[in-house]
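>>> predicted model follows, preceded by the sequence.
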Amino acid sequence: MKISEMFKTGKPVLSFEVFPPKKTSGVESITAAVDELAELKPAYISVTYGAGGNTANTFTRDIAAHIKNDCGIEAMAHITCVNNSKEEVLTVMDSFTEAGIENILALRGDINPNVPPKTDFSHASDMITFIRSHSKYDNIGISGACYPEGHTEAESLTEDIINLREKVNAGAEELISQLFFDNAFFYDFREKAKIAGINIPISAGIMPVTSKSQIERMVTMCGASLPQKFVRMVTKYESRPDALIDAGIAYAADQIADLLSSGVDGIHLYTMNNPYVARKIVDMIGKLL
């Protein structure tokens with residue numbers, strides 16, 4: 001089932017994201033966590049793409065196939081153009097379809113300084129256009145990423161939204177946002193996207209805080225702003241790990257409740273492979289969906 005079809009019910013779509021294990025571990029190292037997440041019955045679970053190489057392709061495919069075929073939950077496999085040539089994209093796409101995977105998230109991907117990037121595609125929109133040019137993938141649902149505060153490499157949010165429109169015109173059917181901690185950025189972005197003629201569903205990406213180091217790492221990577229309310233919370237509980245986890249769960253649940261009351265299309269929960277955190281949030285917001 002194409003994920004874009006899930007939004008036609010008019011109800012907000014709840015989805016999760018997991019990431020593959022490191023190359024030194026096997027897929028079985030996260031199978032138990034994936035199974036627990038599947039028990040929470042999200043509409044779908046996406047699987048990120050590792051840091052380049054065939055191992056990343058295989059792990060992403062195998063985890064997504066397990067979610068789809070063994071857990072009975074729709075799966076979305078990430079694919080990046082910075083890691084793949086045109087020939088490699090076709091190989092990965094064939095591998096996904098052979099495993100029964102019907103949805104992908106097409107991304108440019110983060111450039112790894114230790115891995116020379118492939119140059120066949122400059123942007124995710126180029127890869128989407130390439131995939132859409134092959135009729136054998138017509139039944140594959142393609143989603144794209146968006147950035148409520150603008151991509152870190154874009155000169156402005158306006159420029160980023162213009163580029164996003166190219167991604168939609170290329171064939172993206174749903175958008176998943178980068179994480180954010182201030183809903184005002186998401187609402188402003190959503191309004192600007194609508195004015196720009198972007199009318200496909202947009203799911204809000206929410207990451208519950210579990211540690212100070214996690215936040216520092218993610219903010220460095222994506223440039224998300226930290227509101228004073230959030231900073232006070234982290235500062236208050238950073239020396240008490242268990243308290244910070246509970247505070248982070250409460251903060252994320254509050255974000256989600258506000259988003260749902262404001263008519264968000266979907267919530268995409270960055271679970272960090274942590275079923276406990278996901279379960280606590282679902283327990284808190286489940287009746288709002």
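Looks like it arrived, so ask away.
>>> now for the nearest residue to residue 132 once chain neighbours are set aside: which residues touch it?
Using CB to CB, 6 or more residues apart in numbering and skipping residues adjacent in sequence, the residue nearest residue 132 is residue 171, 4.2 Å away. Every residue, glycine included, has its C-beta placed from N, CA and C. Applying CB atoms under 8 Å, 6 or more residues apart in numbering to residue 171 gives the contacts 128, 129, 131, 132, 142.
>>> quick one: the helices in this protein?
Along the chain, the segments classed as helices by DSSP state H run 3-6, 28-38, 54-65, 86-98, 124-132, 157-170, 183-195, 212-222, 228-237, 241-261, 275-285.
>>> by mean pLDDT, show me the worst of those helices.
Lowest mean pLDDT of those: helix 54-65, a mean of 79.
>>> one step back: farthest-apart pair in the contacts of residue 171, please.
Distances among those were taken as CB to CB; the most separated pair is 129 and 142, at 10.4 Å.
>>> give me the more crowded residue out of the two.
More neighbours surround residue 142 than the other of residue 129 and residue 142, with 25 against 17 (other CB atoms under 10 Å).
>>> looking at it, the more buried one is touching residue 102, isn't it?
No. Under the criterion of CB atoms under 8 Å, residue 142 is not in contact with residue 102, lying 10.5 Å apart.
>>> on that earlier part again, in a markdown table, list the contacts of residue 171 along with distance to residue 69.
A markdown table is the format used below for the contacts of residue 171 (distance: CB to CB, whole Å):
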| residue | distance to residue 69 |
| --- | --- |
| 128 | 25 |
| 129 | 29 |
| 131 | 22 |
| 132 | 26 |
| 142 | 21 |
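>>> from these, which is closest to residue 33?
residue 142 (26.6 Å).
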